[in-house]
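Enquirer: Give me coordinates for this.
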Amino acid sequence: MMFSDGLTPRPARILVVDDQPINIQVLYQVFHHDHQVLMATNGQQALKIARTQHPDLVLLDVEMPGMDGHEVCRRLKADRDTAQIPIIFVTAHREEAEETLGLELGAVDFIGKPINPAIVRARARTHLTLKAQADQLRRWVFIDGLTAIGNRRHLDTQLSTEWRRAKRNGSDLSLLMIDVDHFKRFNDRYGHQAGDECLRRLAGTLRETLRRPADLVARYGGEEFACLLPETPFAGARQIAETLRRKVESLAIPHADSDTAACVTISLGFCTHEPLGPTDEEQFMRAVDEQLYAAKHAGRNCVCGRIADAQTAPATTD
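Expert: Now for the predicted structure:
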């Protein structure tokens, strides 16, 4: 079973949680040939791994000291970043009340101890297949029909996710907004079919330039694009923005009616949220919009950016 991080296929990740190392070793032997097996021996460790490694399935022991499996399940399902991960309880107790509680908490299945490897593999395969199908459906909902990159809904969802992660981990988060210069004039001269092809070529160039799995390129609307760059400081975001600007210009798509250049160009505005930056996503988005406006006001085909918490810092133009 293969999953995908952005453009990169990968084996399914299975998180095994049990306070007894021997039980973890047994399940590791069942899965390690075909899957990436992650391991945790207590509830807190399991929650941390789930939030950072994003497993595709959790095999969860019920009885553990400290935080038991029920509480781990409850917390995973309460967190938007982990709520979609299927959880199978692995337990020696198969009473009706036990199964009812587990299902009410959000588990998808139960496996009895001692385990039967063939049964474990079959049930894991079933739930990994269902998750892969659900992930694909979610991706289709988040794809722009014209350019085949992410759409506005995808950007909004990922921004919320990465915003929370940046706050939790104290990491940088950068967001670029991109506008195609004088695009209405391009459509008026060359026609909407040529305009659509232009947007597709630009989207492909943006996507090919950002190669990290966590980076997101999305069509924000019309001729506007956005690039979400987790764990990217200000200097790195500025370098990426300038690289994108140059690559689009190097496509040399003719634009006879542009006041900026003889070919299609883009203007870019960006902000970097640092750990002590604003606590409001909308404020962050407004700051990025202001930088895009500054790039257009500065003559287009340029980059303007700022650190989001430096409220009085002037725009920097490259």
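
Enquirer: Quick check: Gly66 touching Gly43?
Expert: Yes - between Gly66 and Gly43 there is a contact under C-beta atoms under 8 Å: 6.1 Å. The C-beta positions use only the backbone N, C-alpha and C, and glycine is treated the same way.

Enquirer: These two - which one has more neighbours?
Expert: Between Gly66 and Gly43, counted using other C-beta atoms under 10 Å, the more crowded position is Gly43 (24 against 9).

Enquirer: tell me which residues in the helix or strand where Glu71 lies are buried?
Expert: Assigned by DSSP states H and E, Glu71 falls within helix 69-78. Residues of helix 69-78 classed as buried by neighbour count (16 or more other C-beta atoms under 10 Å): Gly69, His70, Val72, Cys73, Arg75, Leu76, Lys77.

Enquirer: quick one, what contacts the first one?
Expert: By C-beta atoms under 8 Å, 6 or more residues apart in numbering, Gly69 lies in contact with Val17, Gly43, Leu60, Asp61, Val62, Glu63, Phe89, Thr91.

Enquirer: try it again with 7 Å
Expert: By C-beta atoms under 7 Å, 6 or more residues apart in numbering, the residues touching Gly69 are Leu60, Asp61, Val62, Phe89.

Enquirer: Walking through this protein, point out its strands one by one.
Expert: Taking DSSP state E as the test, the strands found in the chain are 2-5, 8-11, 13-17, 36-40, 57-61, 87-91, 109-112, 173-180, 216-221, 224-230, 266-273, 303-307, 316-317.

Enquirer: follow-up on the earlier one: closest to Val120 out of the buried residues of helix 69-78?
Expert: Nearest to Val120 among those, counting by C-beta to C-beta, is Gly69 at 16.3 Å.

Enquirer: Can you name the residues that contact the residue nearest to that closest one when sequence neighbours are not counted?
Expert: Nearest residue to Gly69, sequence neighbours excluded (C-beta to C-beta, 6 or more residues apart in numbering): Val62, at 4.0 Å. For Val62, the contact set (C-beta under 7 Å, 6+ apart) comprises Asp68, Gly69, His70, Phe89, Thr91, His93.

Enquirer: okay, who's weakest in those residues by pLDDT?
Expert: In terms of pLDDT, the weakest of these is His93, which scores 78.

Enquirer: Can you tell me how far the nearest residue to that one once chain neighbours are set aside is from Pro55?
Expert: Spatial nearest neighbour of His93, chain neighbours left out: Val62 (6.8 Å); criterion: C-beta to C-beta, 6+ apart. Separation of Val62 from Pro55 (C-beta to C-beta, to the nearest Å) stands at 18 Å.
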